[in-house]
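Enquirer: here is a sequence together with a model predicted from it:
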Amino acid sequence: MLKIFKQSSKALFANPVRTGLTTLGIVIGIATVILVLSAGEGFRSLINSQLEAFGTNTLFVETRVPPTTKNRASNSAASADTSRAGSAVVINTFKNRDIDDIKRLPNVVNAYGVVVGMKVASFQDVAKSVMIYGASSERFEIDKGTLKAGRFYTNGENSGAAQVAILGSKLADDLFGQNDPIGKLARVGDLNFEVIGVYNPRGGLGGDEDNVIYAPLLTVQKKLLGIDYLLFSVVQIKNTDLGDATAEDIRAVLRSNHNITDSFKDDFIVQTQAQTLDTFNTIFNGITILLIAIAAISLMVGGVGIMNIMYVVVTERTAEIGLKKALGAKGSDILLEFLVESILVTAIGGIFGILFGAFLAWVVALIAKLGGLNWTFVVPLYAVAIGFGVSAAIGIVFGVLPARSASKLDPVEAMRYE
């Protein structure tokens with residue numbers, strides 16, 4: 001085996017350019033697999049960090065368009081009350097009173113509702129289009145965010161629709177530069193808001209939270225957006241073991257408030273953190289499978305390329321094979337020699353593919369961190385095992401036919417080959 005390995009290595013490195021081009025497809029395919037699996041782990045770490053920001057004992061309630069609303073928007077009270085903006089259906093049944101009723105449930109500690117809109121924020125000659133995030137002061141008892149400067153707004157400021165705001169760290173830098181923003185007035189839409197706080201860098205999965213203005217819920221609803229409904233809510237619970245039961249209690253409250261008798265017509269979704277994580281995992285697993293399938297095509301192309309090159313190698317070394325067989329080499333010896341050569345080609349491709357894929361995954365993690373995301377760089381051991389396993393399997397599968405062809409050559413005819 002040692003002699004076969006040395007002979008195969010010598011044959012490969014005798015033509016390094018051809019060997020390199022032969023392994024290119026394997027390198028790209030394996031690198032893609034490593035990148036996808038590593039990015040998957042980074043994405044999961046990002047999701048977990050985002051969910052942990054709300055605490056592990058939270059539920060999420062958000063509006064949705066029930067299946068019947070699209071076709072019967074003017075339905076009876078059993079259907080969702082909707083308003084149309086262009087071709088979009090806006091659910092406006094989720095109200096502040098729903099949050100008050102949810103808070104009365106026995107396993108609920110606290111809850112807050114949220115609305116989101118886009119406005120132009122400006123200070124002096126600097127203006128920027130930003131997202132404005134309206135939530136009641138209960139948010140600060142649930143959210144784990146911390147301030148770099150200033151304070152949070154109070155329940156009194158929320159109930160009085162005070163024009164106060166907390167800025168994301170990047171937005172504060174963009175608008176105020178080196179100036180201290182605390183106590184200064186920033187223009188948001190047509191109104192002046194007093195800046196009372198600045199968040200530490202937060203990042204964010206669904207958008208850049210460092211470019212957001214956070215303001216009291218009623219201020220955003222009444223003065224900026226002119227609405228009285230909510231987009232979603234975060235609910236804090238006492239006993240996480242009763243999460244599913246509490247979610248069902250919330251559904252019962254909302255169905256009663258919205259006059260819904262058929263759960264199929266629910267204009268809301270209630271999810272536990274585990275369900276939210278399952279949803280993300282389902283989406284990302286589907287994307288992962290798609291990308292791995294694309295990588296598999298590259299690996300197949302690379303495997304066919306290796307098989308073609310090995311047939312060329314067999315043809316080039318036909319006389320050599322004949323001489324070896326004439327001197328006593330068995331067909332199994334010839335088969336093993338060319339099979340080892342094929343496996344070596346794919347193994348080299350697998351090693352470089354793993355290294356290249358790890359490098360790309362590191363670049364992705366670096367870009368994500370520079371963008372403010374809590375992204376963890378990791379190359380899972382199972383990804384490395386898959387890389388080695390797949391490359392070895394390709395070498396065997398696509399190397400067998402050329403190796404078998406070489407082992408069956410007639411020594412006399414082979415030695416006459418020119």
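Expert: Yep, it's here.
Enquirer: so what are the domain limits for the protein?
Expert: For the chain, the structural domains run 2-50+278-416, 65-266, going by automatic domain parsing.
Enquirer: closest one to Leu59 among those?
Expert: domain 65-266 (4.3 Å; CB to CB). (C-beta placed from N, C-alpha, C; glycine too.)
Enquirer: so for Thr272, which of the domains of the chain sits nearest?
Expert: domain 65-266 (4.5 Å).
Enquirer: helix/strand/coil for Ala296?
Expert: Following DSSP: H, G, I helix; E, B strand; the rest coil, the label given to Ala296 is helix.
Enquirer: is it in contact with Ile26, as I believe?
Expert: No: if you go by CB atoms under 8 Å, Ala296 and Ile26 don't touch, sitting 11.9 Å apart.
Enquirer: who's more crowded, the two?
Expert: Between Ala296 and Ile26, Ile26 has the larger neighbour count (other CB atoms under 10 Å), namely 30 against 14.
Enquirer: the more buried one should be in a strand, yeah?
Expert: No: applying three-state DSSP, one finds Ile26 to be helix, outside a strand.
Enquirer: and it, how far is that from Ile309?
Expert: 12 Å (CB to CB, to the nearest Å).
Enquirer: what is in contact with these two at once?
Expert: Val345 (CB atoms under 8 Å, 6 or more residues apart in numbering).
Enquirer: tell me which helix or strand Ala406 sits in.
Expert: For Ala406, the enclosing helix or strand under DSSP states H and E is helix 381-407.
Enquirer: where exactly do the helices run in this protein?
Expert: Ranges of helices within the chain are 2-13, 16-52, 96-103, 139-142, 155-159, 169-176, 217-218, 243-257, 273-316, 318-326, 331-370, 381-407, 411-416, based on DSSP state H.
Enquirer: for Met118, which of the ones you listed is the nearest?
Expert: Of the helices of the chain, nearest to Met118 by CB to CB is helix 169-176, at 13.2 Å.
Enquirer: now for the closest one, which elements pack on it?
Expert: In this structure, helix 169-176 packs against strand 108-123, strand 126-135, strand 191-199, with contacts taken as 3 or more CB pairs under 8 Å, 6 or more residues apart in numbering; DSSP states H and E.
Enquirer: now tabulate the ones you listed in JSON lines and tack on mean neighbour count, distance to Phe352 and mean pLDDT.
Expert: Shown next, in JSON lines, are these (neighbours: other CB atoms under 10 Å; distance: least, CB to CB, whole Å; pLDDT from 0 to 100):
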{"stretch": "strand 108-123", "mean neighbour count": "19", "distance to Phe352": "46", "mean pLDDT": "93"}
{"stretch": "strand 126-135", "mean neighbour count": "18", "distance to Phe352": "43", "mean pLDDT": "93"}
{"stretch": "strand 191-199", "mean neighbour count": "19", "distance to Phe352": "43", "mean pLDDT": "95"}
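Enquirer: Ile334 is nearest to which of those?
Expert: Short answer: strand 126-135, nearest of those by CB to CB, at 68.4 Å.
Enquirer: ok, residues contacting that closest one?
Expert: Contacts for strand 126-135 (CB under 8 Å, 6+ apart): 112-122, 171, 174-175, 188, 207, 211-221, 224-225.
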